[in-house]
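J.: With the sequence up front, the predicted model follows.
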Amino acid sequence: MENLLISSCLLGVNCKYNGKNNYLPLTERLKSDYHLIPVCAEIFGGLPIPRIPSERSGSTVINKQGEDVTENFVRGAEEVLRLARFFDCKTALLKERSPSCGYGEIYDGTFSGRTISGNGVLSDLLRKEGIRIYRESDIQKLLK
């Protein structure tokens, strides 16, 4: 069975910035086809739960209070990559629009709810390593 990196919040883990989750019931169906490897780069990077929301602007990640938290996001992404290599993960299912996990579209850095084309810090790193990334809205493509 293939190992699949998955955003922990999609599995119901309360690790979002607001202390809640993004549970996606269809993740239950993935268990029969994949070994799920839950990850949260923001937590792995040392950020607390709950935490001040952050958004990516270019190569920088800034929280809503104006603090640069890029180092936390980069460190967390590197830790997830370490796990991806250890478990030989070729595929990831990640949370959409997140400054860490977003793939193809992220919030624009103004905390206005607007989105732009782009990737989160983790998605950029995993993509560079050749790991296929799926967004939660693409979950049907992973179901066998």
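T.: Yes, it's here.

J.: alpha carbons only for contacts and neighbour counts from here, please
T.: Will do.

J.: what secondary structure does the residue nearest the centre of the chain sit in?
T.: With distances taken as Cα atoms, centre = their mean, residue 101 lies nearest the centre of the chain, 2.6 Å away. Following DSSP: H, G, I helix; E, B strand; the rest coil, the label given to residue 101 is coil.

J.: next one: residue 6
T.: Per three-state DSSP, the local secondary structure of residue 6 is strand.

J.: Please shift the residue numbers so they start at 644 in all later answers.
T.: Okay, using 644 as the starting number, the last item reads as residue 649.

J.: That one and residue 739 touch, don't they?
T.: No: using Cα atoms under 8 Å, residue 649 is not in contact with residue 739; the gap is 11.8 Å.

J.: More neighbours: the two, which one.
T.: residue 649 (25 against 21; other Cα atoms under 10 Å).

J.: That one bridge partners, please.
T.: Residue 649 has these beta-bridge partners by DSSP bridges: residue 681, residue 736.

J.: So which bits of stretch 652-661 are buried?
T.: By neighbour count with 16 or more other Cα atoms under 10 Å, stretch 652-661 contains the buried residues 652-660.

J.: All set, thanks.
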